[in-house]
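Student: structural data only, the sequence is not supplied:
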């Protein structure tokens, strides 16, 4: 058991030391990503670690698409699109907690792993929808009343961004299936659907609450979104028989 954790720590430490030059994360973001990677590798093994690596790569790439135009419009992510520690845990805290619960035999692994997959499907759906919607959304409306609002407004959605959310959720679900974390079939469909649903719920919550609660940061909203996705997926699994 101890040797597994030592291997997980050493592997992630070496990898992060090499990857520091990549424009994905800030220096401290890479450190926290290493901690996350150690948890995932130690608790769930290589398949889960690779799935989250796919999430990081796809999320970063879609953030870079049209970055200059988004920056000119004041809609781009700060720090040149690099994510910091708060972004790492805002996106992956739910998945990390579920990985620990699986390792601790807290509940059925086959049940919790669906929540794990749904949390990352939701987050990639959110990233795809936000980044593509800000760049190519033709008509942006507030999800609560469908009135036109500027792109980047909390709770704003567009047809292009919503379709991108579907694509992001499907891509993340496909990675989870390919890495044999969840089977192809009804569970995969559930994960992909919940990923999109949680993204829409996040937009709704952002529209009604984020501007009124200044302490409610984007990272906290992300954490609520991924937790909601995981809980909905876990709740619905028994209904699939």
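Tutor: Okay, I see it. What you see is a predicted model; the values in this text were computed from it and never measured. Residues are numbered from 1 along each chain as shown.
Student: next SSE after the helix ranked longest in the chain?
Tutor: What stands out as the longest helix in the chain, according to DSSP state H, is helix 109-136. Sequence-wise, the next helix or strand downstream of helix 109-136 (DSSP states H and E) is strand 141-142.
Student: pLDDT of that following strand, averaged?
Tutor: In this model, strand 141-142 has an average pLDDT of 88.
Student: please apply the same query to stretch 58-66.
Tutor: On average, stretch 58-66 scores 84.
Student: contacting residues around it?
Tutor: Contacts with stretch 58-66, where a contact means Cβ atoms under 8 Å, 6 or more residues apart in numbering, come from 23-24, 77, 81, 83, 91, 123-124, 127-128, 131-132, 135-136, 164, 168, 171-172. Using the backbone N, CA and C atoms, a C-beta is placed for each residue, glycine as well.
Student: PyMOL command to pick out the buried ones of those residues?
Tutor: Filtering the contacts of stretch 58-66 down to the buried ones (16 or more other Cβ atoms under 10 Å) takes a single PyMOL command:
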select buried, resi 24+77+81+83+91+123+124+127+128+131+132+135+136+164+168+171+172
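Student: ok, back up a step: packing partners of the longest helix of the chain?
Tutor: The contact analysis (3 or more Cβ pairs under 8 Å, 6 or more residues apart in numbering; DSSP states H and E) places helix 109-136 against helix 46-64, helix 67-72, helix 85-103, strand 156-157, helix 159-178, helix 186-205, helix 218-236.
Student: redo that, cut-off 6 Å
Tutor: helix 46-64, helix 85-103, helix 159-178, helix 186-205, helix 218-236 (3 or more Cβ pairs under 6 Å, 6 or more residues apart in numbering; DSSP states H and E).
Student: CSV for those helices, including distance to residue 19?
Tutor: As requested, those are arranged in CSV below (distance: least, Cβ to Cβ, whole Å):
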stretch, distance to residue 19
helix 46-64, 10
helix 85-103, 13
helix 159-178, 19
helix 186-205, 26
helix 218-236, 22
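Student: among the ones you listed, which is nearest residue 153?
Tutor: Nearest to residue 153 among the helices and strands packed on helix 109-136 is helix 186-205; the distance by Cβ to Cβ comes to 10.0 Å.
Student: tell me the buried residues in the closest one?
Tutor: Buried residues in helix 186-205, defined by neighbour count with 16+ other Cβ under 10 Å: 187-188, 190-203, 205.
Student: quick one, it and helix 218-236 angle?
Tutor: For helix 186-205 against helix 218-236, the angle by axes from the mean of the first three to the mean of the last three Cα atoms, to 10 degrees is 140 degrees.
Student: count of residues packed around the residue nearest to residue 24 when sequence neighbours are not counted?
Tutor: Counting by Cβ to Cβ, 6 or more residues apart in numbering, residue 24 lies nearest to residue 60, which is 4.6 Å off, once chain neighbours are set aside. Using other Cβ atoms under 10 Å, residue 60 is surrounded by 17 other residues.
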